[in-house]
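> What would the 3D arrangement of this be:
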Amino acid sequence: MPSPHRHPGGATRSPAGTPSTPPTPPPPRRGLLLAVVLTAQLMVVLDGTIVNVALPGIQRALHFDTASLSWVVNAYALTFGGLLLLGARCGDLFGRRRSFLMGIAVFTAGSLACGLATTGGMLVAARALQGAGGAIASPAVLALLMGSFAEGRARMRAVGTFAAVSVAGAATGLLAGGVLTQLSSWRWVFFVNLPIGAAVLIAGALVIAGTGSQEGRFDLLGALSSTGGVACLVYGFVRAGAAGWLRAETLVAFATGAVLLVAFAVVETRAGSPLLPLRLLADPRRSGALAARSLVSAGA
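Numbering: from 1, shown residues only. Here you go, the predicted structure:
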């Protein structure tokens, strides 16, 4: 049997051309990789709440009215939630290492733009850019963990640490936002990401091995329908809190989101390279875990 050969992206390929799992890095390197990706995850999760305590200062400085102030938070949630599936697919097609570094770079650039914003519109647009970067980086974080730790105790410990960081990030964001706002100004809830993001980029480029990429086409219809559907649902929940559950704009957002997600399911059954192969949901353990995670997020 011919031996596998190296792919230019860093992964090995079998004679049939299918990417194989990258070799597990040695223990010291695994520890560094874990620190890098968990720092990135903490930064992404933390930014969902770090801005909350700073909202009164932002409102005074950039002259937000009460109704539009919530979009400082909502713009991040909308783009992050809406683009997650698309971000995960980018990791498949372009490689997890490249996707991770690109997402952190976009997130860090968005943080800089947030801190320098001089108008409300600039800040909301920059928060959306942050959310897009987080949606690209976050799926790659878990994929890198699963690919770098062998199944068993090491992987369970890594995933458990990932879960703890994700849960603790929201509470940490509230505390950090309060401290930074009190000691300096609201702009530092964004500027604090710059040294962390730069360190993650440098360390990630050195520690994370190339994972190669999968062959396949980009599922454009699946990407558009899933991103649009999730974005409409998130927008519906956002507007329900401000305008009411029975307002026309809220109901239209929910109905549009439902239609687009049904269309997404239909597209995925026919696509040659589906964004989300529906057979993955046939596993009851996976489906149960996803349902539980959805309830936890919805409760929060």
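
> dump the residue contacts of Ala231.
Taking Cβ atoms under 8 Å, 6 or more residues apart in numbering as the criterion, Ala231 is in contact with Leu78, Thr79, Gly81, Gly82, Gly257. Placement of C-beta: from N, CA and C, glycine included.

> For the fourth one, give me its contacts.
Which is Gly82. If you count contacts by Cβ under 8 Å, 6+ apart, then Gly82 has Ala135, Thr227, Gly228, Val230, Ala231, Val234 around it.

> what do you get for the first one?
The neighbourhood of Leu78, defined by Cβ under 8 Å, 6+ apart, consists of Ala128, Gly131, Ala231, Val234, Tyr235, Val238.

> Quick check, pLDDT for it.
In this model, Leu78 is scored at 82, pLDDT.

> sec struct for it, please.
What DSSP: H, G, I helix; E, B strand; the rest coil gives for Leu78 is helix.

> what's around Ala223, how many residues?
Ala223 is surrounded by 18 other residues when neighbours are defined as other Cβ atoms under 10 Å.

> by contact count, what packs against the helix or strand harbouring Gly147?
Secondary structure here is read from DSSP states H and E; on that basis Gly147 sits in helix 120-148. In terms of contact count using 3 or more Cβ pairs under 8 Å, 6 or more residues apart in numbering; DSSP states H and E, helix 120-148 is assigned the packing partners helix 27-46, helix 55-62, helix 71-82, helix 84-94, helix 96-116, helix 153-183.

> Tabulate those in JSON lines, adding columns for distance to Val262.
Conversion of the helices and strands packed on helix 120-148 to JSON lines gives the following (distance: least, Cβ to Cβ, whole Å):
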{"stretch": "helix 27-46", "distance to Val262": "29"}
{"stretch": "helix 55-62", "distance to Val262": "36"}
{"stretch": "helix 71-82", "distance to Val262": "17"}
{"stretch": "helix 84-94", "distance to Val262": "15"}
{"stretch": "helix 96-116", "distance to Val262": "28"}
{"stretch": "helix 153-183", "distance to Val262": "30"}
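
> So for Ala143, which of these sits nearest?
Ala143 lies closest, by Cβ to Cβ, to one member of the helices and strands packed on helix 120-148: helix 96-116, at 4.9 Å.

> mind listing what Leu84 touches?
Counting by Cβ under 8 Å, 6+ apart, the residues that Leu84 touches are Ala135, Ser138, Pro139, Val230.

> could you flag which of those residues are buried?
Burial by neighbour count, 16 or more other Cβ atoms under 10 Å: within those this picks out Ala135, Ser138, Pro139, Val230.

> Nearest to Gly173 among those residues?
Within the buried ones among the contacts of Leu84, distances to Gly173 taken as Cβ to Cβ reach their minimum at Ser138, with 15.1 Å.

> low-confidence ranges in the stretch 51-200 of the chain?
Judged by pLDDT under 70, the stretch 51-200 of the chain has no weakly predicted residues.

> Farthest-apart pair in the contacts of Gly82, please.
Among those, the pair separated by the greatest distance (Cβ to Cβ) is Ala135 and Gly228, at 14.1 Å.

> buried stuff in stretch 219-236?
When burial is assessed from 16+ other Cβ under 10 Å, stretch 219-236 yields the following buried residues: 219, 221-236.

> sorry, back to before: out of the contacts of Gly82, which sit inside strands?
Cross-referencing the contacts of Gly82 against strands under DSSP state E gives no overlap.

> Let me know the closest of the residues you listed to Ala271.
Set against Ala271, the nearest of the contacts of Gly82 by Cβ to Cβ is Thr227 (14.9 Å).

> Just confirm that closest one contacts Leu83, I think it does.
Yes. Between Thr227 and Leu83 there is a contact under Cβ atoms under 8 Å: 5.9 Å.

> just to revisit the earlier point, now distance to Thr108 too, for the contacts of Gly82, in TSV please.
Written out in TSV, the entries for the contacts of Gly82 read as follows (distance: Cβ to Cβ, whole Å):
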residue	distance to Thr108
Ala135	14
Thr227	23
Gly228	27
Val230	24
Ala231	23
Val234	23
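
> Sitting in helices, which of those do you find?
Residues of those located in helices (DSSP state H): Ala135, Thr227, Gly228, Val230, Ala231, Val234.

> Between the contacts of Leu84, which sits nearest Gly31?
For Gly31, the nearest member of these is Ser138. The distance, counting by Cβ to Cβ, is 21.1 Å.

> Identify the residues contacting that closest one.
Under the contact definition (Cβ under 8 Å, 6+ apart), the residues listed for Ser138 are Gln41, Val44, Phe80, Leu84, Gly87, Gly103.
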